[in-house]
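Visitor: What would the 3D arrangement of this be:
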Amino acid sequence: MRPSLILVCSMCVGAIISIVDFAAICRKLFGYRASEDISGDGSKELPSGPPTESGFVYFSETFTSAEYFKKRWVTSNAVNSGDSISKYDGVWTIEEPLVHLFPSDRGLVLKSEARHHALSVLLDEPFIFHDRAFVFQYEVNFQKGLSCGGAYVKFLSQIEGLNLTEFSDETPYTIMFGPDVCGEQPKLHFIMRHKNPITGLYEEKKLKEPDPGLRLNYFHDRKTHLYTLVLKPDNSFQIYTDQRLYFTGNLLRDLSPPINPPKEIFDENDKKPADWDDRKRIRDPNAVKPDDWIEDKRRLIQDPNATKPKGWLDHEPNLISDPHARRPSTWNTEVDGEWWPPKMKNPKCTSGCGTWVAPLTKNPNYKKKWKPPMISNPNYRGVWKGRKIQNKDYFEDLRPFNMTAIAGLGLELWSMQNDILFDNFILTDKKSMADKWADGSWRLKNVQELRSSTIQHIRAMRKPDLDSEQSTDPEKSTDPEKSTDPEKSTDLEKTTYSLWLYLFLLFLLPLFTAFIQKFQKVKAI
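Guide: Model (predicted):
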């Protein structure tokens, strides 16, 4: 087929597509129109419970009922030590999101600014770390952004006398997981409390900060984000954000400080010998300063080659009294003293006046203070390290996954912003169940939020054009029915889509034609 024929056919295709209802094509491909209401698809319902799939659910929560929430969750009444004032006076509510995308969607919302919040709940059944994976997942939406605060979850250890009404920052926990930020330092916490088998004391083991870490836009884009933690009996773990792998590691090597202490440690009583020379290079002790090395020479000298400029007046001052100045009428000699006219630049000094002095220049004979050259130290013995001894606190725990059992979970937070929304908590033993839960909840929200932000962006781009159009036509600006006609809005969208596609084809296809011509010439050669 000739290239010219290809061009003609392509332009015909572009013309045909410009006639087609392109908005309908977009609706079939992407499931929406640009003029669609951003309030969401009212026909879709979010799940009210965990998916029916093989696996065990230790806890799930959708926050759809305020009454059920009040019966199930416990607000902390813990007080400051030695005080009767509640330490946790922040308010929690069950309410709809600020941007309501689904009719049945509600969540747990942190409502108070710059206050401490704490509430907790018992699991349906305690989680015992033995041979089942630990999979926890939940959603967070910083609806007004977040500059400083956290949205992490604490998994409370199964201990005797656990009282949720006294839940505080001192309550023992086994795992802490979730996002946190202050300023420009976003973090995704994963902390486990490990029990020392020798001393019986617990020590926090924190995730080594990955590079790059959590993106800062998670705290400012006002979208719902999904956080997932998977711990496996083989000590491996994975962290996911929005169902994308954020970090994968092993409890034995990717926590700080490490689970197991070193077998040997440096002896604190071992001191470096006085004659230990750890200098790699030294000044040459045998070097002698040269005889012609004169250190008292000045660094700068007057330029011997400089000459006095022509027109230089040796006997004229640079500054003279202003001949036009007059003593102020209010000047009192007895009080202000004798009056002197102000100085001004001498107009005769075009080249210069006064005693001429040659400018300074670098002294070619100047030499800085002499120092012997550096040489390798013949007595160098290397960097001193103390001797190692056996670590009396050494232990080897090859199964850190077998941590303290979990009886409940809690939110113990402080935040500078309010309206932080939590939703769709699930603790199970299968990642597939958490994924299915997310497909029926978070993914639907994610699609709707993306659609909403896209439509708002399109409207923001079109608003200046519509405003200018209404300002030039008084009838359009005063008639609300004409300015909000949905059919005209849809026609405008069709024309815009078709025009852009037609222009795309019009400019792209000639380039394709030129490529075919060049290919045919090369083939003929």
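
Visitor: List the beta-bridge partners for Leu409.
Guide: Taking DSSP bridges as the rule, Leu409 bridges to Val121, Phe155.

Visitor: Count residues in the vicinity of it, would you?
Guide: As a burial measure, Leu409 scores 25 neighbours (other CB atoms under 10 Å). In short, each C-beta sits where N, CA and C put it, glycine included.

Visitor: which ones are touching the residue nearest in space to the middle of the chain?
Guide: Geometric centre of the chain, nearest residue: Leu216, 2.2 Å, by CA atoms, centre = their mean. By CB atoms under 8 Å, 6 or more residues apart in numbering, the residues touching Leu216 are Val181, Glu184, Pro186.

Visitor: Then Glu209?
Guide: Taking CB under 8 Å, 6+ apart, we find Glu209 in contact with Lys187.

Visitor: at 10 Å what do you get?
Guide: The contact partners of Glu209, taken as CB atoms under 10 Å, 6 or more residues apart in numbering, are Gln185, Lys187, Leu188, Phe247, Ser256.

Visitor: Highest neighbour count among those residues?
Guide: Of the contacts of Glu209, with other CB under 10 Å as the count, Leu188 tops at 23 neighbours.

Visitor: Can you report phi and psi for the residue located most distally from the centre of the chain?
Guide: Distance from the centre of the chain peaks at Glu334, with 71.8 Å (CA atoms, centre = their mean). Here is the backbone geometry of Glu334 (degrees, to the nearest 10): phi -70, psi -30.

Visitor: Break down the protein into its helices, ranges please.
Guide: 3-19, 22-30, 66-72, 333-336, 431-439, 442-472, 474-478, 480-483, 486-524 (DSSP state H).

Visitor: quick one: which of the contacts of Glu209 is nearest Asn141?
Guide: Checking those against Asn141 with CB to CB, the nearest one is Leu188 at 15.8 Å.

Visitor: Quick check: beta-bridge partners of that closest one?
Guide: Pro179.

Visitor: in this protein, what spans have low per-residue confidence?
Guide: 1-55, 80-86, 211, 457, 462-507, 509-510, 513, 517-525 (pLDDT under 70).

Visitor: burial count for the closest residue to Leu319 other than its chain neighbours?
Guide: In this structure, Leu319 finds its nearest non-sequential neighbour in Lys343, 4.4 Å apart by CB to CB, 6 or more residues apart in numbering. Lys343 has 13 neighbours, counted by other CB under 10 Å.

Visitor: Lys343 against Pro323, yeah?
Guide: No. Using CB atoms under 10 Å, Lys343 makes no contact with Pro323, being 11.5 Å away.

Visitor: Who's the closest spatial neighbour of Cys182, skipping the chain neighbours?
Guide: Closest residue in space to Cys182, ignoring its immediate chain neighbours: Cys148 at 4.2 Å, by CB to CB, 6+ apart.

Visitor: For the one you found, give its distance to Glu113.
Guide: Noted for Cys148: a distance of 11 Å to Glu113, by CB to CB, to the nearest Å.

Visitor: returning to that earlier point: the residue farthest from the centre of the chain and Pro342: what is the separation?
Guide: As judged by CB to CB, Glu334 and Pro342 stand 21 Å apart.

Visitor: that older thread, among the contacts of Leu216, find me the one that's closest to Ser351.
Guide: Distance to Ser351 across these (CB to CB) is lowest for Glu184, with 58.3 Å.

Visitor: Give the full set of residues in contact with the closest one.
Guide: Residues counted as contacts of Glu184 (CB under 10 Å, 6+ apart) are Ser147, Leu216.

Visitor: what about Thr355, neighbour count?
Guide: Using other CB under 10 Å, Thr355 has 8 other residues around it.

Visitor: and what of the one 5 residues further on?
Guide: Applying other CB under 10 Å, we find 13 other residues in the vicinity of Leu360.

Visitor: who's it bridged to?
Guide: Gln302.

Visitor: Show the contacting residues for it.
Guide: Contacts for Leu360 (CB under 10 Å, 6+ apart) come out as Arg298, Arg299, Leu300, Ile301, Gln302, Asp303, Ala306.

Visitor: And for the first one, nearest residue in space, chain neighbours not counted?
Guide: If I follow you right, that is Arg298. Once flanking residues are discounted, Arg298 sits nearest to Asn363: 5.7 Å by CB to CB, 6+ apart.

Visitor: now do the last one
Guide: Nearest residue to Ala306, sequence neighbours excluded (CB to CB, 6+ apart): Ala358, at 4.2 Å.

Visitor: Distance check, the one you found against Arg299.
Guide: Separation of Ala358 from Arg299 (CB to CB): 16 Å.

Visitor: out of the two, which sits in the busier spot?
Guide: Ala358 (13 against 10).

Visitor: Hmm, that one is touching Leu300, no?
Guide: No. Judged on CB under 10 Å, Ala358 makes no contact with Leu300 at a distance of 11.4 Å.

Visitor: Could you tell me which residues touch both of these two?
Guide: Here Ala358 and Leu300 share no contacting residue, scored by CB under 10 Å, 6+ apart.

Visitor: neighbours around Asp419, how many?
Guide: For Asp419, using other CB under 10 Å, the count is 21.

Visitor: what about the closest residue to it other than its chain neighbours, neighbour count?
Guide: Using CB to CB, 6+ apart and skipping the chain neighbours, the partner closest in space to Asp419 is Gln143 (4.4 Å). Residues near Gln143, counting by other CB under 10 Å, number 20.

Visitor: can you check the one 3 residues further on too?
Guide: Leu146 has 25 neighbouring residues, counting by other CB under 10 Å.

Visitor: cool, and Phe129?
Guide: Phe129: 19 surrounding residues under other CB under 10 Å.

Visitor: Could I get the contacting residues of it?
Guide: Contacts for Phe129 were tallied using CB under 10 Å, 6+ apart; they are Thr174, Ile175, Leu231, Pro233, Arg399, Pro400, Phe401, Asn402, Met403, Thr404, Ala405, Ile406.

Visitor: In contact with the fourth one, which residues are there?
Guide: When the contact criterion is CB under 10 Å, 6+ apart, the partners of Pro233 are Phe129, His130, Asp131, Arg132, Ala133, Phe134, Arg399, Phe401, Asn402.

Visitor: repeat that with 6 Å
Guide: Going by CB atoms under 6 Å, 6 or more residues apart in numbering, Pro233 touches Asp131, Phe401.

Visitor: any idea how far Ile191 is from it?
Guide: Pro233 is 20 Å from Ile191, by CB to CB.

Visitor: now swap in the first one and tell me
Guide: Going from Thr174 to Ile191 by CB to CB gives 10 Å.
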